[in-house]
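Chemist: Sequence and predicted structure below; questions after.
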There are 2 protein chains.
Amino acid sequence: MRFRAPQATVVEVFGELTQKGLNAGVPMTKGADGIWTATVGPVPPEIWRYAFRVDGVQVPDPSNPSFDSVAQGIAVNSMVEVPGDSPAFYDSRPVPHGEIRQVMYESKAMGVTRWVWIYTPPGYEKSTARYPVLYLLHGNGESVSGWIWNGRANIILDNLIADREARPMIVVMPQGHAIQGARVGPLESVPGETGMFSPKFPKDLLDDVLPLVERTYRVVADADHRAIAGLSMGGGQSLSIGMEHADTFHYVLGYSAAVGGNFLDIDHNFEHAFAHPEELNKKLKLLWFAIGKQDFIYEGNKAFADRLTARGIKFTFKQTEGEHVWRVWRNYLHETAPLLFQASK
Amino acid sequence: MRFRAPQATVVEVFGELTQKGLNAGVPMTKGADGIWTATVGPVPPEIWRYAFRVDGVQVPDPSNPSFDSVAQGIAVNSMVEVPGDSPAFYDSRPVPHGEIRQVMYESKAMGVTRWVWIYTPPGYEKSTARYPVLYLLHGNGESVSGWIWNGRANIILDNLIADREARPMIVVMPQGHAIQGARVGPLESVPGETGMFSPKFPKDLLDDVLPLVERTYRVVADADHRAIAGLSMGGGQSLSIGMEHADTFHYVLGYSAAVGGNFLDIDHNFEHAFAHPEELNKKLKLLWFAIGKQDFIYEGNKAFADRLTARGIKFTFKQTEGEHVWRVWRNYLHETAPLLFQASK
C-alpha cells in the first residue's frame, strides 16, 4: 500500500483488507519522497474494503476509483477486488444484463423528493411478461446505491438468471433513511428524522414506493410475487415490515438484521405476527434470516430466533462465518435469490 | 465551515465556494476541541464545490453527503447548494420525472464490460412514441454519473419538458475514458489507454453504444433526431465526432470544449469537415459551442472559431462569464436543450 502525504505525521491503513479486524490500523512508514508505505496480505479472492488514516482523519485511496457507496457520511472507504482463477458469482460475465433505473418520486410519507433504484431483469425492455418483485433494503449509513455498487446485486442476479438458478425478477431498492436520496437535488433531512428506523419508512415503502412500482412496471401484483429482504438496518426493516404485512409479502428475509439488543426492539415491532403465529405460518412461503457468528448483532439475532420458536413461528435461521461486512451479504443474496417465488412457478 | 481534525497541523478550505479562485486555500483556525473553523461567503444562490486540505491531503466534507462524482480520482470534493428564493432551473419540482438507467454492455471497441447511463423522459415507460436522442459526454476525470449528479441533466430536462420548452428526448451518457465504468465490476483500464481522448472512444460510441440504444429503446433513428454535446474533454469529443460524422448527427455542441492549445489538436481531428465545409453546412442543423472568458481553454476555443470562420463553416460561438466549472455547464445545457430537434418538429 502506498499513500502520498509529505506533510503528515502519522499515516495508517486499516479495514477488512488488512485482515487485522475492521478498525485496527497497520502503521505505514514514510519515505524520503513523502510516500508512506506498508505491506498487507496476501489475502484470498474477495472484494475487500480499506481506508487510510492521515493524522487521525479517515481518507479513501486517492489512486483507486472504486470506493464504497454511502449517503449519510461521505465516501471514505475504498474497495479493491482480489480476483480468483475464475470469475466469482459477483463478477460480470458476458451474459444478458439487466438495467438499473434511478427513479425520482415525490414521497407523500416523507414530504420530500426521493430516489428509488430499480433493477429490471435481462430482456425486460423487449418482453411483455410480468415479473415478481424483490424489495431489497440497504443498511444504516448507506443509500439507494449500496446494493448495486457494494453488493453487485445486479451482477449476482444477471448471473443467476443466465444460469437458470433464479427466476427473472424486478428488484426495488428504496432509500431506507428519512432523507432525500443522496447526491441529487437539494439534500434535505425530514425534520426530526435523522437516525435509524424512521417510523415514516414503512409508510414510504408501502404507500409510495410499492404503488409506484406496480403502476409503472409489468409486475405480478400479489403477495406470492413479492419478497422483502434487507441487510442490517434494512434487515430489521424487512423482517418487521414483512412479518407485519404478510398479506403483502410472502417471502421475508433478513441478512445480519439489526434486531434485538440495541437495535430494532423485538417487543414492539412484530406485534401482529407474534399475536397470530398460525396466520403467519399459513401465509408466508419463506421466513429466512442469517448472520455471521463474529457479527456484533449475532446475539440479537439469536434472541429473535428464540422468540420466534417460543411463538411457534416457522423460520430458517443460518449462523455463518463472518463479520458485519458486504462479503457476507453478497453471499446471502446469492444463496437466497434462488429460493424466491418458487412456490408460484 | 468546520472540520474535526485534532491531530492535524494545517487545515484549509478551498474551491469555488470560497470565491477566492479554484485552488487558493482559506486558512482555518484550530479550536481547543480539535475543530478547525473558517468563515466564507455570503455567496449567491448556486451549487458550489469545495474541499478541505488536511496537512496537504485533499479531503471532502465528512459531514456533507453531497459530493462530486469522479471516476479516475476518488471523490475528494463536496457540493453544497445555496438556495435562492424560488427553485432554480436545476432544482427538482413536482413535475413528471424521467428515469436514469444504468446499462451494462460488452464494448467490442474497448474489449471490456462498461456502463452507459441513459435518461428516458417522463412517460417513456407507458408511451408508444419514438424519441430523439442526445448523446451527452462528460469531462476528463469524471464518469457516466457526472451529468446527473453534478450536472442535474435529468432535472433540467424534466423541468424544460414540463414547461414545454424542450422536446421530450432520450439522453445517452457514455463513459468517455477507455476504462470500464466506475465502481461496478472489476475496474480495468484498457491496456495503453489511460489518458484523455482515447482513439477507441469514437468507435465505442458509434459501433457499440449507438446501436445498443437504437435496438433497445424507442428512438427515431436518423440524423435529424440525433444530437451530440459534451463538456471539456467531452466537448472536444462531441465537436470532433459530430462534425466528422455529419451523416449521423445533425446537432453538434461543445461546452467549454477541450479543443486547441494543449488539448484536442485542431489540425488532425476535423479533417473531413474542414475539407468539405459546404457539405457540413448543408447537413448540420446546429453547430454551437460556448466557453467562459475566465476558462483556461478560452484561447483554444477562439482559435477553433477562427479556423471554422476561415473554412467558411457556419456556427454559433458564445463567450460567457465563468471558469471551467459545473455552474457554467448546467447553464449551457439549460440554454441549448430547447434548440435541439426543432427542425424536425
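Modeler: In hand now; what should we look at?

Chemist: In chain A, which helix is the longest?
Modeler: With DSSP state H applied, the helix covering the greatest number of residues in chain A is identified as helix A:298-311.

Chemist: Please enumerate the strands of the stretch 201-345 of chain A.
Modeler: Listed in chain order, the strands of the stretch 201-345 of chain A (DSSP state E, counting those that start in this stretch) span residues A:226-231, A:251-255, A:286-292, A:316-320.

Chemist: Can I get those in a markdown table including distance to residue A:335, mean neighbour count and mean pLDDT?
Modeler: C-beta coordinates here come from the backbone N, C-alpha and C atoms, glycine included. Formatted as a markdown table, the entries for these read as follows, by distance: least, CB to CB, whole Å; neighbours: other CB atoms under 10 Å in any protein chain shown; pLDDT from 0 to 100:
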| stretch | distance to residue A:335 | mean neighbour count | mean pLDDT |
| --- | --- | --- | --- |
| strand A:226-231 | 11 | 30 | 98 |
| strand A:251-255 | 10 | 29 | 98 |
| strand A:286-292 | 8 | 24 | 98 |
| strand A:316-320 | 8 | 14 | 98 |
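
Chemist: so can I have a markdown table of the ones you listed showing distance to residue A:3?
Modeler: As requested, those are arranged in a markdown table below (distance: least, CB to CB, whole Å):
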| stretch | distance to residue A:3 |
| --- | --- |
| strand A:226-231 | 30 |
| strand A:251-255 | 33 |
| strand A:286-292 | 30 |
| strand A:316-320 | 34 |
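
Chemist: Just the CA trace of the longest helix of chain A, in CSV.
Modeler: The C-alpha atoms that make up helix A:298-311 are tabulated as CSV, following Å, rounded to 0.1, in the frame of the first residue of the first chain:
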residue,chain,number,x,y,z
TYR,A,298,-25.3,-12.0,16.5
GLU,A,299,-26.8,-12.3,20.0
GLY,A,300,-29.8,-10.1,18.9
ASN,A,301,-30.5,-12.5,16.0
LYS,A,302,-30.3,-15.5,18.3
ALA,A,303,-32.7,-13.8,20.7
PHE,A,304,-35.1,-13.1,17.8
ALA,A,305,-34.9,-16.8,16.7
ASP,A,306,-35.7,-17.9,20.3
ARG,A,307,-38.7,-15.6,20.3
LEU,A,308,-40.0,-17.0,17.0
THR,A,309,-39.5,-20.5,18.3
ALA,A,310,-41.4,-19.6,21.5
ARG,A,311,-44.3,-18.2,19.5
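
Chemist: what does it rub up against?
Modeler: Applying CB atoms under 8 Å, 6 or more residues apart in numbering or on different chains, the external contacts of helix A:298-311 come out as A:239, A:254, A:256-263, A:266, A:273-274, A:277, A:287, A:289, A:291-292, A:295, A:315, A:317, A:319.

Chemist: Go through the strands of the stretch 201-345 of chain A and name the closest to residue A:16.
Modeler: Closest to residue A:16 of these, according to CB to CB: strand A:286-292, at 12.7 Å.

Chemist: how distant is the closest one from the center of its chain?
Modeler: Going by CA atoms, centre = their mean, to the nearest Å, the spacing between the C-alpha centre of strand A:286-292 and its chain's C-alpha centre is 14 Å.

Chemist: What strands line up against that strand, and which way round?
Modeler: According to DSSP bridges, strand A:286-292 forms sheet pairs with strand A:251-255 (parallel), strand A:316-320 (parallel).

Chemist: Show me the strands in the stretch 1-150 of chain A, by range?
Modeler: When assigned using DSSP E, counting those that start in this stretch, the strands of the stretch 1-150 of chain A occupy the ranges A:2-4, A:11-14, A:26-27, A:29-30, A:35-37, A:46-54, A:57-59, A:78-82, A:99-107, A:112-120, A:133-137.

Chemist: Counting by contacts, list what the fourth one packs against.
Modeler: Using 3 or more CB pairs under 8 Å, 6 or more residues apart in numbering or on different chains; DSSP states H and E as the contact criterion, the elements in contact with strand A:29-30 are strand A:35-37.

Chemist: Next, report how far the strand it packs on is displaced from the centre of its chain.
Modeler: 34 Å.

Chemist: Cheers, nothing more for now.
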